[in-house]
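# any chance you can model this:
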Amino acid sequence: MLSSLGESTCRQPKRAKARKRGDRFTWTYALWLLPLLAEVWLYWLAPRWDWGTIGLIIWLATLIAVAGSMCFNLALRRWRRVLSLLTAPLLLLFALHLLATAGMTPDSVRFALTRQAYLAEIERSDPPGSEPRLRTFVWDDTFRAKTYSTLVYNESDEIALPKGAQSAAWQQRLQKSCLENKKECVNLDPGPDEVVGVRKIGEHFYILDNSLPNAFP
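Here you go, the predicted model:
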């Protein structure tokens, strides 16, 4: 009996030491959140996939994994591990901020990979002429009823001017473009429930964002 008590007493410090060795601050928990960014960074590779459902599954799986690990580490009193889980989103946001500061965003990476394809399409369908070319492409059409993010090739760069400062010739080309493709129509004067923004992403290339589109049924 004394021997059993002695063995039990020895095991307890060993278990405590094992818990202490396993309790360390680690940044690797931030990697668990990377799948949440998949829809933002990769959806355009397979636009026909149901990214809404995929995003929900990834979000639930991540939530279960983080909550399970949190409970496990709380039970073992691994406080540094718990702190790592709590600070993981901050580390990921900081890393994304550094990438954005360096000019690496989902849109910029996607454009760098697809720019030549867009230029080839423009040259094929609209060769250089006397008038500056104006061409639009779907950039993000998650809501199928209306494109709320459009890639615009504007050779005259008038789209970047303040609203109303564009020339009459530009307005005419815009109207013609809208008649040919209503879904990709560039509208700098939206309704009261919509907000439009224009940002440059490359030479003569812009992304027009319509942040509150009337795309809901």
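
# check K146 and give its pLDDT.
K146 carries a pLDDT value of 50.

# ok, F143 next?
Note for F143: predicted pLDDT of 50.

# same check on K200?
91.

# quick one: it is in a strand?
Yes. Assigned with DSSP: H, G, I helix; E, B strand; the rest coil, K200 falls within a strand.

# got a list of what it touches?
By Cβ atoms under 8 Å, 6 or more residues apart in numbering, the contact list for K200 reads A160, Y206. From N, CA and C alone the C-beta is placed, and that goes for glycine too.

# from A67, how far out is it?
Separation of K200 from A67 (Cβ to Cβ, to the nearest Å) stands at 42 Å.

# what is the longest helix of the chain by residue count?
helix 51-75 (DSSP state H).

# buried residues of it, list them for me.
Neighbour-count burial for helix 51-75 flags W51, I54, G55, I58, V66, S69, N73 (criterion: 16 or more other Cβ atoms under 10 Å).

# what's the helix or strand for T26?
Counting by DSSP states H and E, there is no helix or strand that carries T26.

# that one is in contact with S84, isn't it?
Yes. Counting by Cβ atoms under 8 Å, S84 is a contact partner of T26 at 5.1 Å.

# what is the burial count for the residue lying closest to S149 once chain neighbours are set aside?
Of all residues beyond its chain neighbours, the one nearest S149 is D140 (3.6 Å), with distances taken as Cβ to Cβ, 6 or more residues apart in numbering. D140 has 18 neighbours, counted by other Cβ atoms under 10 Å.

# my read is that D140 contacts D107, right?
No. Between D140 and D107 there is no contact under Cβ under 8 Å: 9.1 Å.

# which member of the buried residues of helix 51-75 is positioned nearest A38?
Nearest to A38 among the buried residues of helix 51-75, counting by Cβ to Cβ, is I58 at 6.5 Å.

# against L91, how distant is the closest one?
Distance of I58 to L91, given as Cβ to Cβ: 19 Å.

# the more surrounded of T26 and S84?
Counted by other Cβ under 10 Å, T26 and S84 do not tie: S84 has more neighbours, with 21 against 13.

# what residues does the more buried one make contact with?
By Cβ under 8 Å, 6+ apart, the contact set of S84 is F25, T26, W27, Y29.
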